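Chemist: build me a model from this:
(chains A and B)
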Amino acid sequence: MPLINLPTFAADLLADFERLGTTRVDTPVIQPAEPFLDMAGEDLRRRIFLTQSETGENLCLRPEFTIPVCMRHIETATGTPKRYSYLGEVFRQRREGGSEFYQAGIEDLGTRDFAGADARAVADAVSILGKLLPERPLAVTIGDQAMFEAVVAALGLPAGWQKRLIRAFGEQTQLEALMLRLAKPEHVPGIDAKVEALLAGDDEEGLIAHIDGVMEATGYLTNASRAPKEIARRLKEKLALAGTSLDPGKLDVLREFLSLNVSLRYAPGVLADFAKSTNLPLQAAVERFDARVAAFANAGVKLSDITWRAAFGRPLDYYTGLVFEVTLRNDHRVLAGGGRYDRMLTLLGAADTIPAVGFSLWLDRIEAVRGER
Amino acid sequence: MITIALPSKGRMKEDASAIFDKAGLKIVAVGNERSYRGRIEGLDDVEIAFLSASEISREIGAGSIDFGVTGEDLIREGLSEADARVEFCARLGFGHADVVVAVPDIWLDVDTMADLGDVAADFRARHGRRLAIATKYWRLTQQFFSSQHGIQLYRIVESLGATEGAPAAGLADIIVDITSTGSTLKANHLKILSDGVMLKSQACLVRARKAEHEGNPLVGKIIAAVNAAC
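Modeler: Residues are numbered from 1 along each chain as shown, chains lettered A, B, ... in the order given. Below is the predicted model of the structure:
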């Protein structure tokens, strides 16, 4: 089928992908739905086009390229760093715009030079958009989950609390609720006397046996879902976490960090001042941040075009570090978006950790912007 | 012509008829007693259709009927942006049922949605799969879990009956279901989370928001009469 609805600039884009030394891949339009639902959660179900095969397997029209490209990489080339590019139609129900549209992008899988790969992803996105939208000033916003994780760890919170905060990173209301809760310890009501006694005696074996006994008696399988040991351990952890609070000074430090929003040119200085004035041990994380800023400069990205917003993140468990979005200056439409998702390939079944960073371009929005001149 | 759809059987049918009677809108069956058509005594421009509660929710969404009596849970589950498409004109005081999140009693460490968020986040690492929720309430579950509680990582296992048995049978980890007294949940060793009531549902008189209703005195009259009766 001739794709006569391809964006007019598709050929330029493909030439750019070649210039950037990427390997072009295509993936079938009809994809197994499970990996998408597993990665992005049930929310995606309302937005994708689902159907079932004759044998009952859930299938969907390709809602994006990253997951299929990663699965292909796992099947064919684990262990070798590779930069893939793609251009094709994706299918999603959206509030604005049609539900079939073109996306293109680059996924860099397996490169262990993190700062360099991050910088290259942003530089590539910016250079591609710069060519497609000549003389239109671009603005890049970046966020960094690793920096947030470092601040949370430096505040001395228990691991369970760190995980809760990291999970909410990027969702300001959820984070606010957690910080409110952290202002004072919480009482856990309704623990029955027998369990209370086992907890008081720090009798983990006894507690596990008690849970096991109740499950047996009530007809619950002990191996189908959460096991007695898991429940007992988390009960203890929950009580410890409920007793945790953060003094107002430290909460203010966290709020101050989340409010940072500066040009990348000044970000290293601002971070250094933050670490110094709050006296938090952030040296390693700040060094990694600075290394990336240096890599951006080396890759030829203008630091003055980039804003670092400390609270910018995506609350999905496979994102690990950099996230970024490119828009026109003073325009809200995201033309390119991407980030580092080091946890995705293991979640998809890769035996070893495979670092991954990439971005996708919203070709329909780019086309609309091109038409506005 | 205004069409009002009423439940076609059971307690819901009797309770709905009783409210309409009390409102001075006496329903008479057309043809024999078991007919699925009716009218209201003295109101020639009104037609009654007896449908199942879930059909009523669907038809009101499609705008093929003007009014319906059905559970709020079915409307909110069946229609996206329910408030923009239908008006809840009156809460009728029967058909009470809460849509709730329930977990096994023995999950001693889980009493709140926040606890469930912790468990869901670690679930895949511990069990190699996401937390599974048995329910027929896809939409309500997604709204409650993601929008209100920031929990995204779970999977829904569709359950069309005996949902409360799914955890013990190993088909799912937890459930989202309706309950009126909680006794079925208790019998299956499940507990409702303290902040796990998603919707307090009851039978409602709902109206499809249609342009032609504006300025039709009959529409206002029906709403006022039913409101006065409950």
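Chemist: might you list the low-confidence residue ranges for the chain?
Modeler: Picking chain A for this. Along chain A, the model assigns pLDDT under 70 to residues A:1-3, A:78, A:373.
Chemist: that's the wrong chain, I meant chain B
Modeler: B:33-34.
Chemist: domain assignment for it?
Modeler: For chain B, automatic domain parsing gives the domain ranges B:2-95+B:202-229, B:97-201.
Chemist: who in the stretch 51-200 of chain A is up against chain B?
Modeler: Neighbours of chain B within the stretch 51-200 of chain A, by Cβ under 8 Å from any Cβ of the partner chain: A:160, A:163, A:164, A:167, A:168, A:171, A:174, A:188, A:189, A:190, A:191, A:195. For glycine as for every other residue, the C-beta is placed from the backbone atoms N, C-alpha and C.
Chemist: give me whichever of the domains of chain B is most buried.
Modeler: Highest mean neighbour count among the domains of chain B (mean count of other Cβ atoms under 10 Å in any protein chain shown): domain B:97-201, with a mean of 19.
Chemist: could you see whether chain A lies near it?
Modeler: Yes - judged by Cβ under 8 Å from any Cβ, domain B:97-201 and chain A are in contact via B:104-109, B:111, B:115, B:117-119, B:121, B:124, B:126-127, B:130, B:138-139, B:141-142, B:145-146, B:150, B:152-156, B:167-168, B:170, B:173, B:189.
Chemist: just checking, which of those belong to helices?
Modeler: B:115, B:117-119, B:121, B:124, B:126-127, B:138-139, B:141-142, B:167-168 (DSSP state H).
Chemist: of all these, which comes closest to residue A:271?
Modeler: The closest of these to residue A:271 turns out to be residue B:121 (Cβ to Cβ; 27.9 Å).
Chemist: in chain A, which residue is closest to the centre?
Modeler: For chain A, the residue nearest the mean C-alpha position is residue A:319 (2.5 Å; Cα atoms, centre = their mean).
Chemist: quick check: chain neighbours aside, which residue is closest to residue A:160?
Modeler: Leaving aside its sequence neighbours, residue A:160 sits nearest to residue A:241 (Cβ to Cβ, 6 or more residues apart in numbering or on different chains; 4.7 Å).
Chemist: what's the separation between the one you found and residue A:208?
Modeler: 20 Å (Cβ to Cβ, to the nearest Å).
Chemist: neighbour-wise, which of the two wins?
Modeler: Set residue A:241 next to residue A:208 and count neighbours by other Cβ atoms under 10 Å in any protein chain shown: residue A:241 wins out with 24 against 18.
Chemist: so which of the domains of chain B comes closest to residue A:117?
Modeler: domain B:97-201 (25.4 Å).
Chemist: which residues of chain A fall in strands?
Modeler: Counting by DSSP state E, one finds strands in chain A at the ranges A:23-24, A:30-32, A:50-52, A:58-61, A:82-91, A:100-109, A:138-144, A:261-263, A:306-309, A:322-328, A:336-340, A:356-362.
Chemist: mind listing what residue A:222 touches?
Modeler: Applying Cβ atoms under 8 Å, 6 or more residues apart in numbering or on different chains, we find residue A:222 in contact with A:212, A:215, A:216, A:228.
Chemist: let me know whether the second one touches residue A:229 as I believe.
Modeler: No - in this structure, residue A:215 sits apart from residue A:229 without contact. The criterion is Cβ atoms under 8 Å, and the distance is 11.6 Å.
Chemist: ok, the closest residue to residue A:253 other than its chain neighbours to chain B distance?
Modeler: Among residues not flanking residue A:253 along the chain, residue A:278 sits closest, at 4.8 Å (Cβ to Cβ, 6+ apart). Here residue A:278 is placed at a distance of 27 Å from chain B (Cβ to the nearest Cβ, to the nearest Å).
Chemist: can you list the residues of the stretch 201-350 of chain A near chain B?
Modeler: Counting by Cβ under 8 Å from any Cβ, the positions of the stretch 201-350 of chain A adjacent to chain B are A:211, A:214-215, A:218-221, A:224-226, A:230-232, A:234-235, A:237-238, A:315-317, A:347.
Chemist: of those, grab the buried ones for ChimeraX.
Modeler: To isolate the buried ones among those in ChimeraX, judged by 16 or more other Cβ atoms under 10 Å in any protein chain shown, type:
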select /A:211,214,215,220,225,226,230,231,232,234,235,238,315,316,317,347
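Chemist: narrow the residues of the stretch 201-350 of chain A next to chain B to those in helices?
Modeler: Those of those lying in helices (DSSP H): A:211, A:214, A:215, A:218, A:230, A:231, A:232, A:234, A:235, A:237, A:238, A:347.
Chemist: identify, from those, the entry nearest to residue B:95.
Modeler: Set against residue B:95, the nearest of those by Cβ to Cβ is residue A:218 (30.6 Å).
Chemist: which residue is the nearest non-sequential neighbour of the closest one?
Modeler: Spatial nearest neighbour of residue A:218, excluding adjacent residues (Cβ to Cβ, 6+ apart): residue B:189 at 4.4 Å.
Chemist: look up phi and psi at that neighbour.
Modeler: phi 60, psi 40 (degrees, to the nearest 10).
Chemist: look up how far residue A:314 lies from it.
Modeler: Applying Cβ to Cβ to residue B:189 and residue A:314 gives a distance of 38 Å.
Chemist: the most centrally placed residue in chain B sits in which helix or strand?
Modeler: For chain B, the residue nearest the mean C-alpha position is residue B:73 (1.8 Å; Cα atoms, centre = their mean). Element membership of residue B:73, judged by DSSP states H and E, is helix B:72-78.
Chemist: for residue 140, what are its contacts?
Modeler: Assuming you mean chain A. For residue A:140, counting by Cβ under 8 Å, 6+ apart, the contacting residues are A:122, A:126, A:301, A:305, A:306, A:307, A:324, A:325, A:326.
Chemist: not quite, I wanted chain B
Modeler: Taking Cβ under 8 Å, 6+ apart as the contact definition, residue B:140 lies against B:73, B:76, B:77, B:99, B:176, B:198, B:199.
Chemist: wait, isn't the third one in contact with residue B:138?
Modeler: It refers to residue B:77. Yes - between residue B:77 and residue B:138 there is a contact under Cβ under 8 Å: 7.4 Å.
Chemist: which SS class is residue B:6?
Modeler: At residue B:6 the chain is in strand, as set by DSSP: H, G, I helix; E, B strand; the rest coil.
Chemist: that one pairs with what?
Modeler: Under the criterion DSSP bridges, residue B:6 forms beta bridges with residue B:50.
Chemist: nearest to residue A:342, of the domains of chain B?
Modeler: Judging these by Cβ to Cβ, what sits closest to residue A:342 is domain B:97-201, at 14.9 Å.
Chemist: could you work out the end-to-end span of the closest one for me?
Modeler: Start-to-end span of domain B:97-201 (Cα to Cα, to the nearest Å) is 5 Å.
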